[in-house]
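Undergrad: Mind folding the following:
(4 chains)
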4 protein chains.
Amino acid sequence: MAIGDFSFFHTLRVRWAEADMQGVVFNGHYLTYFDVGFTEYWRASGLEGPLDQAAAGKELFARKSSIEYLAPARFDDMLDIYVRCARLGNSSMGMLIEIHRQAPGAAQHLISGELVYVYADTAARRAARLPDSWRATLARFEKTAIAQ
Amino acid sequence: MAIGDFSFFHTLRVRWAEADMQGVVFNGHYLTYFDVGFTEYWRASGLEGPLDQAAAGKELFARKSSIEYLAPARFDDMLDIYVRCARLGNSSMGMLIEIHRQAPGAAQHLISGELVYVYADTAARRAARLPDSWRATLARFEKTAIAQ
Amino acid sequence: MAIGDFSFFHTLRVRWAEADMQGVVFNGHYLTYFDVGFTEYWRASGLEGPLDQAAAGKELFARKSSIEYLAPARFDDMLDIYVRCARLGNSSMGMLIEIHRQAPGAAQHLISGELVYVYADTAARRAARLPDSWRATLARFEKTAIAQ
Amino acid sequence: MAIGDFSFFHTLRVRWAEADMQGVVFNGHYLTYFDVGFTEYWRASGLEGPLDQAAAGKELFARKSSIEYLAPARFDDMLDIYVRCARLGNSSMGMLIEIHRQAPGAAQHLISGELVYVYADTAARRAARLPDSWRATLARFEKTAIAQ
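TA: Numbering: from 1, shown residues only, chains lettered A, B, ... in the order given. Okay, the predicted model is just below:
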């Protein structure tokens, strides 16, 4: 996976409340950053967001997540959250995330992660097939092929 | 891995602020629960905590984490956070976590997770060998053998 | 206001993720502690909680809050969150909060605060009269008179 | 206080994890927004930030905060956090905050708040006089007079 394989990133700045006594971002906050990145990826792709999905009785819920901590982010760092859809199953989607710290001349790769979501019918609490329109939109949005 | 293999758990109640618009705990908060469980595991084992480690110029930092979301926790749920040390390397330690919701007659397994920490010299920013006294204490604290 | 005027307190321990780079609890987390205290006060009083209120189309929403920071809480501190209903208006309720750190022989008063909630009809988005049954229950639950 | 009296605002978007089961931002998160606004106000004014202050053995700590909740913010709202220095005492500074939701043609005023910070010598744990250079810089940065 090279950074050039990502079609999208979103930038945010580390908040004071997110750094702990060791002076580094508490590990759980990276999942919040992943979620912000995923929300913005979704918006940029043009697909309907969680409120529209909810209105249609559907939702994406998290099934798995993993984080590899390569180097710590610190208060006030500007972070680029790279997001890519790597796999679309029948009802699941696999996202890859990388977080890089902006630095003049030399961004630093801090975090790698994966998220697996499942698309579901909220009332029935049962997995639902991802809409074909989403597959087409995401295929256009990504530079590189999405695994099935 | 059976629940009987865990020597320790800590109970907490889901806070209002931790449940999202879908009525379920936001996925990132589980890493906070893991951290609370790990802190209490450490206290129960009798080992020196993060403040004592910091005073000695050492720290445990997170290297990897993963979460599998089997079923959602909700506001006001009482959760048992099971914690177990599964592996002790030269400078790394692997922890297994399970979260079960208390329910009369039938606790429900909601979450499985793993944490990998590395013990390090803070000033040198270099991995340090886990103290032998920790290995001995943890071996006594755990019911089942810890992998090397 | 003396501590003896409170009929209720709830104890919690400061989490690692709640302490910032200054080694003290980030100021915003005290409102989470207030909320946990309020939830537990409500449960102890025997009144219906937010989920029951929501099922009846009602809710309590925050109208005002204030916090006075007398001394900082730190990681691992055991905090007693004192909660008292001080005023019941037609649709509003005023709560007083104090947070004291447990310490052998000498608890320390860290935080004083106030919360004002308004009871409302969710669909109409309009204030609703607090039920008389709540007034009676809270009057019994409190040691000292509740202002009108 | 009119919005025209503010010389500064900072924009942020409400995160998914910040909205609760009532579909609105949990009341405690507004203090995080206040803090983000204060950090950016400080940066914009050109004064040394918390890390520089810490290096000099000084810090600003929160002494009081208050929030008035006029209308709720919701997931995905774009919020303008207005920040103004309203008072500079010997060692304390009073900040006024307003949060307005962006909306085409008609921004909505959601939140008003106040923060009081005290400047202190960290080691001595004693209030310190605010530097005259800060007074001069803030007087230039604000449109309207700062009370003494």
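Undergrad: CA only for contacts and neighbour counts going forward, please
TA: Will do.
Undergrad: Identify the residue nearest A:V24 in space, chain neighbours excluded?
TA: Closest residue in space to A:V24, ignoring its immediate chain neighbours: A:R74 at 4.7 Å, by Cα to Cα, 6 or more residues apart in numbering or on different chains.
Undergrad: So the one you found: helix, strand or coil?
TA: Here A:R74 is recorded as coil under DSSP: H, G, I helix; E, B strand; the rest coil.
Undergrad: again with the one 5 residues further on
TA: Counting by three-state DSSP, the backbone at A:L79 sits in strand.
Undergrad: quick one: contacts for whichever residue of chain A sits closest to chain B?
TA: Residue of chain A nearest chain B, by Cα to the nearest Cα: A:S66 (4.0 Å). Remark: with contacts taken as Cα atoms under 8 Å, 6 or more residues apart in numbering or on different chains, A:S66 is in contact with A:G113, A:E114, A:L115, B:K64, B:S65, B:S66, B:I67.
Undergrad: Most widely separated two among these?
TA: Pairwise distances across the contacts of A:S66 peak at 14.0 Å for A:L115 and B:K64 (criterion: Cα to Cα).
Undergrad: at contact distance from chain B, anything in stretch A:115-134?
TA: No. No part of stretch A:115-134 sits near chain B under the criterion Cα under 8 Å from any Cα of the partner chain; the closest distance found is 9.3 Å.
Undergrad: Just confirm yes or no for that stretch near chain D.
TA: No. Remark: stretch A:115-134 sits outside contact range of chain D, by Cα under 8 Å from any Cα, the gap being at least 15.3 Å.
Undergrad: Spell out the residue ranges of the strands in chain A.
TA: For chain A, the strands defined by DSSP state E cover A:8-13, A:58-69, A:78-88, A:92-101, A:108-121, A:126-127.
Undergrad: picking that back up, quick check, nearest of the contacts of A:S66 to chain C?
TA: Using Cα to the nearest Cα, the shortest approach to chain C within these belongs to B:S65, at 15.9 Å.
Undergrad: quick one, what contacts the closest residue to that closest one other than its chain neighbours?
TA: In space, B:S65 comes closest to B:L115 once its chain neighbours are excluded; the distance is 4.5 Å by Cα to Cα, 6+ apart. Under the criterion of Cα under 8 Å, 6+ apart, the neighbours of B:L115 are B:A62, B:R63, B:K64, B:S65, B:S66, B:G94, B:M95, B:L96, B:I97.
Undergrad: same question, A:A127
TA: Shown here is A:A127, whose contacts under the criterion Cα under 8 Å, 6+ apart are A:S91, A:V118, A:Y119, A:A120, A:D121.
Undergrad: That one bridge partners, please.
TA: Assessed by DSSP bridges, A:A127 has beta-bridge partners A:A120.
Undergrad: dump the residue contacts of the residue lying closest to A:L79 once chain neighbours are set aside.
TA: Distances taken as Cα to Cα, 6+ apart place A:R101 nearest to A:L79, at 4.6 Å, with adjacent residues excluded. A:R101 makes contact with A:A73, A:D77, A:M78, A:L79, A:D80, A:A107, A:Q108, A:H109, A:L110 under the criterion Cα under 8 Å, 6+ apart.
Undergrad: Produce a PyMOL select command limited to the buried residues of the residues you listed.
TA: The PyMOL selection below is limited to those of those classed as buried (16 or more other Cα atoms under 10 Å in any protein chain shown):
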select buried, chain A and resi 73+77+78+79+80+108+109+110
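Undergrad: Give me the lowest-pLDDT entry from the contacts of A:R101.
TA: The member of the contacts of A:R101 with the lowest pLDDT is A:A107, and it reads 94.
Undergrad: Give me the nearest residue to it, chain neighbours excluded.
TA: A:R101 (5.4 Å).
Undergrad: From D:D35, how far out is that neighbour?
TA: Computed as Cα to Cα, to the nearest Å, the A:R101 to D:D35 distance reads 22 Å.
Undergrad: tell me how far stretch A:19-39 is from the chain's mean position?
TA: From the chain centre to the centre of stretch A:19-39 is a distance of 13 Å (Cα atoms, centre = their mean, to the nearest Å).
Undergrad: and it, average pLDDT?
TA: Regarding stretch A:19-39, the rounded mean pLDDT is 96.
Undergrad: Tell me the bridge partners for the closest residue to the residue of chain A closest to chain B other than its chain neighbours.
TA: Spatial nearest neighbour of A:S66, excluding adjacent residues (Cα to Cα, 6+ apart): B:S66 at 4.0 Å. For B:S66, the beta-bridge partners under DSSP bridges are A:S66, B:E114.
Undergrad: Great, nothing more from me.
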